[in-house]
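A.B. asks: model the following, please.
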Amino acid sequence: MQPIHIRPDQATEEMLEFNRKLGAGLQNLLKIGPIDAGVTPKEAVYREDKLVLYHFKGDTTPRNPIPVMIVYALVNRPYMTDLQEDRSTVRGLLEAGLDVYLIDWGYPDRADRYLTLDDYINGYMDRCVDVIRKRHKLDKINILGICQGGTFSLCYSALHPDKVRNLITMVTPVDFQTDDNLLSHWVQKMDVDLLVDTMGNMPGEILNWTFLSLKPFRLMGQKYMDMVDQLHDEHKAKNFLRMEKWIFDSPDQAGEAFRQFCKYFYQRNGLIKGKVQIGEHRVDLKNITMPVLNIYATEDHLVPPAASIALKDHVGTKDYTELAFPGGHIGIYVSSRAHKEVPPSIGKWLDERS
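C.D. replies: Alright, predicted model coming up:
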């Protein structure tokens, strides 16, 4: 190993340059106003408890007659799909000619402690689907499930195949016990009963710091060093702060649903074993006979590719398509490449099956 030679004058100059950038950047931050959350116009078409179902307004009339409902995870806020004008999954879907709805789960509080997966999937989700079906006079709609929302969507589609025309899953865990899934190894050893019985709802802050600790250097150190190079540009600085707002905007989790999700999926790997019970019915992925588009990120540290592509071996459909995106769990929504590639691919795939 070659020794590292550090020139004192060079190190001093780098430190001075870093301080100059930081000072100028802090002045720039003072000019930035409130950070918005979600950039595409939308209207609320249905409300129930904390939930709001939104309908997005595009610049043109949708070409595809079958609307798509986005189902996001419970753990973060869904405006990640609509973070900024030039990097918005929602806007990309609208530009692809789709009619887009989205479920916003809201912020659970102590009144929601005993909500179950049955309440979320056979209750809230099913009623949102029925609202859209009624609005468009359709028997079936398209569903786009993201991360945990994708797992919810798989369960829903298996339990209610008569209401789902096409199913798209993005960075969705299916096999919850792949060898490379660090998060799963942690959750498998967790005493979830003690945690929920003690705390009630699962605090969002704990979950958020758990996710950040999976890549501590990159997510809690290096990014703030890199930030200094962006602060001189007001647009880049605002985008950085918008991302930070989303990262730390973490709702609490309804205690009973959190308990069930950890046990059924992570600790028992019940989805691929056919042992997940939602309400009165068992989830059998073979009941998913509608077309499926499964999109995964090749560098995903939260949902490794192997955890997602396992889906192809368990669904009952003969029309199964995979799309690999060269990026990470967050980059698949907000990178410029994702904006150019992923929504148009979804639009094309749906158009061929509309």
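
A.B. asks: can you show me the strands along the stretch 1-150 of the chain?
C.D. replies: Using DSSP state E, counting those that start in this stretch, the strands of the stretch 1-150 of the chain run over 42-48, 51-56, 68-71, 82-84, 87-88, 100-104, 141-146.

A.B. asks: please identify the most buried of those strands.
C.D. replies: Per-stretch averages of neighbours, counted by mean count of other C-beta atoms under 10 Å, single out strand 141-146 among these, with a mean of 27. The way it works is simple: take the backbone N, C-alpha and C, and place the C-beta from them, glycine included.

A.B. asks: quick one: contacts of it?
C.D. replies: Contacting residues not belonging to strand 141-146 are listed as 66-73, 81, 93, 129, 132-133, 151-154, 156-157, 163-172, 346, 350 [C-beta atoms under 8 Å, 6 or more residues apart in numbering].

A.B. asks: who does that strand pair with, and is each partner parallel or antiparallel?
C.D. replies: Here strand 141-146 is paired, per DSSP bridges, with strand 68-71 (parallel), strand 164-170 (parallel).

A.B. asks: next, format those as a markdown table and append distance to Phe240 and mean pLDDT.
C.D. replies: Converted to a markdown table, the strands paired with strand 141-146 look like this (distance: least, C-beta to C-beta, whole Å; pLDDT from 0 to 100):
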| stretch | distance to Phe240 | mean pLDDT |
| --- | --- | --- |
| strand 68-71 | 25 | 98 |
| strand 164-170 | 24 | 98 |
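
A.B. asks: any chance of the ones you listed in CSV, with distance to Gln277 too?
C.D. replies: Conversion of the strands paired with strand 141-146 to CSV gives the following (distance: least, C-beta to C-beta, whole Å):
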stretch, distance to Gln277
strand 68-71, 20
strand 164-170, 20
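
A.B. asks: remind me which residues of the stretch 1-150 of the chain are low pLDDT?
C.D. replies: Low-confidence segments of the stretch 1-150 of the chain, defined by pLDDT under 70, span residues 1-33, 35.

A.B. asks: now do the helices in it.
C.D. replies: For the stretch 1-150 of the chain, helices defined by DSSP state H, counting those that start in this stretch occupy the ranges 8-29, 89-95, 117-118, 126-136, 148-159.

A.B. asks: how far off helix 126-136 does the last one point, in degrees?
C.D. replies: Between the axes of helix 148-159 and helix 126-136, defined by axes from the mean of the first three to the mean of the last three C-alpha atoms, to 10 degrees, the angle is 80 degrees.

A.B. asks: so which elements touch helix 148-159?
C.D. replies: Under the contact definition 3 or more C-beta pairs under 8 Å, 6 or more residues apart in numbering; DSSP states H and E, helix 148-159 sits against strand 68-71, strand 141-146, strand 164-170, helix 270-273.

A.B. asks: dump the strands of the stretch 1-150 of the chain to CSV, plus distance to Ile247.
C.D. replies: What follows is the strands of the stretch 1-150 of the chain, written out as CSV (distance: least, C-beta to C-beta, whole Å):
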stretch, distance to Ile247
strand 42-48, 22
strand 51-56, 22
strand 68-71, 20
strand 82-84, 11
strand 87-88, 15
strand 100-104, 18
strand 141-146, 16
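
A.B. asks: do you know how far Gln177 is from Ala324?
C.D. replies: 22 Å (C-beta to C-beta, to the nearest Å).

A.B. asks: same check on Thr40?
C.D. replies: Relative to Ala324, Thr40 is positioned 27 Å away (criterion: C-beta to C-beta).

A.B. asks: between those two, which has more neighbouring residues?
C.D. replies: Here Thr40 and Ala324 are compared on neighbour count by other C-beta atoms under 10 Å; more neighbours surround Thr40, at 21 against 13.

A.B. asks: wait, the more buried one sits on His55?
C.D. replies: No - at 10.7 Å, Thr40 and His55 do not qualify as touching, with contact defined as C-beta atoms under 8 Å.

A.B. asks: what about Gly327, how many neighbours?
C.D. replies: The tally of other residues near Gly327 (other C-beta under 10 Å) stands at 20.

A.B. asks: before we move on, what about Val90?
C.D. replies: Number of residues near Val90 (other C-beta under 10 Å) recorded here: 25.

A.B. asks: disregarding flanking residues, what is the spatial nearest neighbour of it?
C.D. replies: Counting by C-beta to C-beta, 6 or more residues apart in numbering, Val90 lies nearest to Asp82, which is 4.2 Å off, once chain neighbours are set aside.

A.B. asks: that neighbour bridge partners, please.
C.D. replies: Each beta-bridge partner of Asp82 is listed here, defined by DSSP bridges: Ser88.

A.B. asks: residues contacting it?
C.D. replies: Contact analysis of Asp82 by C-beta under 8 Å, 6+ apart lists Gly38, Val39, Thr40, Phe56, Ser88, Thr89, Val90, Arg91.

A.B. asks: then the helix or strand harbouring Leu293 to PDB, C-alphas only?
C.D. replies: Mapping Leu293 onto the secondary structure by DSSP states H and E places it in strand 292-297. C-alpha atoms of strand 292-297 as PDB (Å, rounded to 0.1, in the frame of the first residue of the first chain):
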ATOM      1  CA  VAL A 292     -47.800  -7.300 -14.600                       C
ATOM      2  CA  LEU A 293     -44.900  -4.900 -15.200                       C
ATOM      3  CA  ASN A 294     -42.300  -5.200 -12.500                       C
ATOM      4  CA  ILE A 295     -39.800  -2.400 -12.300                       C
ATOM      5  CA  TYR A 296     -36.700  -2.700 -10.000                       C
ATOM      6  CA  ALA A 297     -33.500  -0.700  -9.400                       C
END
